[in-house]
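> can you look at this prediction? I've put the sequence above it.
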Amino acid sequence: MSRKYFGTDGIRGEIGKAPMTPDFVLKLGWAAGKVLADQGSSLVVIGKDTRISGYMLETALQAGLVAAGVNVRLLGPMPTPAVAYLTRTFRASAGVVISASHNPFQDNGVKFFSSDGTKLTDKMELAIEDYLDRDIETVSSEKLGKVERVDDAAGRYIEFCKRAIPTEVTLEGLRIVVDCANGATYHVSPDVFRELGADVVEVATSPDGININENCGATSLGLLQKSVTEYRADLGVALDGDGDRLMMVDHEGDVIDGDEILAIIAAHKQKEGTLGDHVVGTLMSNLGLEKAIVGMGLNFHRADVGDRYVMDILRKTGGLLGGESSGHIIVRDRISTGDGTIAALQVLHAVIESGKTLRELKGIMTKYPQTLINVRIKEKIDLDSSELIKRAVKDAEAQMGVRGRVLLRASGTEPLIRVMVEAQDKLETEQLAGMIAEVVKQAAV
């Protein structure tokens, strides 16, 4: 069955427009509460990022849960991975995050974690959607849920993060700029690095409800690059609004993206003997990452884009490390979801243990030039049935051989076909991507 409301990362939209309205979120809380109550569950924890709309949605969500007879613990502003961790800590039936991640403040969303800190199954999401089509029925007064605030949530998560590297490892001697995107990590992540001994320079840690992700954080690295060079820091860490994404900057201000971060962590954990044999990327992961991982004697797997799909393959293979170019990094032996702070600590551990700079460590992989062209279409195209498109792709792949690859994807949110070509030669990627894009345009007529 197809889902009506849930996307790949919960339910998200612009505040005031369906589905991000107080009445819908009230009903969503009730529907989720009913599904959980039907399973004998009784406790849900709720966290949020720093958007001004979070307070409104938090109130609506908890009212719905209480009406279904479920108890609620409010964590306040907390990163998404912290909510996943605290869901397990409190032995809760589910965790809820009110956040639109890296989107601007006008957007917000609601995403759920299961009792083990992973994304909900499709079966549970469909069950919630079934209740969303029904009228709300409040339990009797004596069965209403109760609400409590958790005062030490931030401290619990800080201590959890610090345990992500061995106790004998210290960050003393490192100057780090930490950009928290004026989001949910503003009051936790700088303290994690500081308490481990680093000299921390904080930027974008003054949220006002509307400045989340605004010209800062993992999706806008100019502020971090400028700050790293200005403060003569060893490196910079950029998190997004809900703290599940990481990008980094070396001491010269050059960006280290999710693929390079994944390669650095993989090489270090393999040396430690804590990696296993499998690493998971996505269809968009740079070919250079695949070659680096295979060159380590490891198995590299490509998942569909989205951290839930990365996690699916990690479970199937028993892998412990996976992620996306955008900076969603899952260190599965540490936490069950993407966590920017935990991932950064793995990189910093590698820096300390190797005695190398971040700039030197990123040399573990060589990025292949990539050209991406978005072709706007009027109607959907079946990429698998178009002989014209398949022939163009086959010709491009034959020209590049093992030196490159082609990827065509239909956008899930816009009427676009994304044409991506990677190869060792930048000019070749541009020529072949342009050729394929023209063929897609012809097929779309």
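Received the coordinates, thanks. Numbering: from 1, shown residues only.
> secondary structure element holding the residue lying closest to residue 250 once chain neighbours are set aside?
Take residue 250 and drop its neighbours on the chain: the residue closest to it by Cβ to Cβ, 6 or more residues apart in numbering is residue 359, 4.0 Å away. (C-beta placed from N, C-alpha, C; glycine too.) Applying DSSP states H and E as the criterion places residue 359 in helix 358-361.
> which elements pack onto that helix?
Judged by 3 or more Cβ pairs under 8 Å, 6 or more residues apart in numbering; DSSP states H and E, helix 358-361 is in contact with strand 246-250, helix 258-272, helix 340-354.
> circling back to that earlier point, distance check, the residue nearest to residue 250 against residue 268.
16 Å (Cβ to Cβ, to the nearest Å).
> look at the two and report which has more neighbours.
Per other Cβ atoms under 10 Å, whichever of residue 359 and residue 268 has more neighbours is residue 268, with 20 against 15.
> check contacts around the more buried one.
By Cβ atoms under 8 Å, 6 or more residues apart in numbering, residue 268 lies in contact with 346, 349-350, 353-354.
> repeat the analysis, applying 6 Å as the threshold.
By Cβ atoms under 6 Å, 6 or more residues apart in numbering, the residues touching residue 268 are residue 350.
> ok, it to residue 351 distance?
From residue 268 over to residue 351 (counting by Cβ to Cβ), the distance is 9 Å.
> and the helices in the stretch 1-150 of the chain?
In the stretch 1-150 of the chain, the segments counted as helices under DSSP state H, counting those that start in this stretch are 22-38, 54-67, 80-89, 122-132.
> in a markdown table, list the ones you listed along with distance to residue 382, mean neighbour count and mean pLDDT.
Below are these laid out as a markdown table (distance: least, Cβ to Cβ, whole Å; neighbours: other Cβ atoms under 10 Å; pLDDT from 0 to 100):
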| stretch | distance to residue 382 | mean neighbour count | mean pLDDT |
| --- | --- | --- | --- |
| helix 22-38 | 34 | 23 | 96 |
| helix 54-67 | 38 | 22 | 98 |
| helix 80-89 | 35 | 26 | 96 |
| helix 122-132 | 24 | 17 | 94 |
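> of these, which is nearest residue 3?
Between residue 3 and the helices of the stretch 1-150 of the chain, the tightest spacing by Cβ to Cβ is seen for helix 122-132, at 5.9 Å.
> so which elements touch the closest one?
helix 22-38 (3 or more Cβ pairs under 6 Å, 6 or more residues apart in numbering; DSSP states H and E).
> ok, residues contacting the helix it packs on?
56-57, 60-61, 63-65, 67-70, 93-94, 127-128, 131-132, 136.
> CA-only coordinates of that helix in PDB, if you can.
Only the C-alpha atoms of helix 22-38 are listed here, as PDB (Å, rounded to 0.1, in the frame of the first residue of the first chain):
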ATOM      1  CA  PRO A  22      -2.200  22.300  14.600                       C
ATOM      2  CA  ASP A  23      -5.400  20.300  14.000                       C
ATOM      3  CA  PHE A  24      -3.700  17.700  11.800                       C
ATOM      4  CA  VAL A  25      -0.800  17.300  14.200                       C
ATOM      5  CA  LEU A  26      -3.300  16.900  17.100                       C
ATOM      6  CA  LYS A  27      -4.900  14.100  15.200                       C
ATOM      7  CA  LEU A  28      -1.500  12.600  14.200                       C
ATOM      8  CA  GLY A  29      -0.600  12.400  17.900                       C
ATOM      9  CA  TRP A  30      -3.900  10.700  18.600                       C
ATOM     10  CA  ALA A  31      -3.500   8.300  15.700                       C
ATOM     11  CA  ALA A  32       0.000   7.300  16.700                       C
ATOM     12  CA  GLY A  33      -1.100   7.000  20.300                       C
ATOM     13  CA  LYS A  34      -3.900   4.600  19.300                       C
ATOM     14  CA  VAL A  35      -1.500   2.400  17.300                       C
ATOM     15  CA  LEU A  36       0.900   2.300  20.300                       C
ATOM     16  CA  ALA A  37      -1.900   1.700  22.800                       C
ATOM     17  CA  ASP A  38      -3.300  -1.100  20.700                       C
END
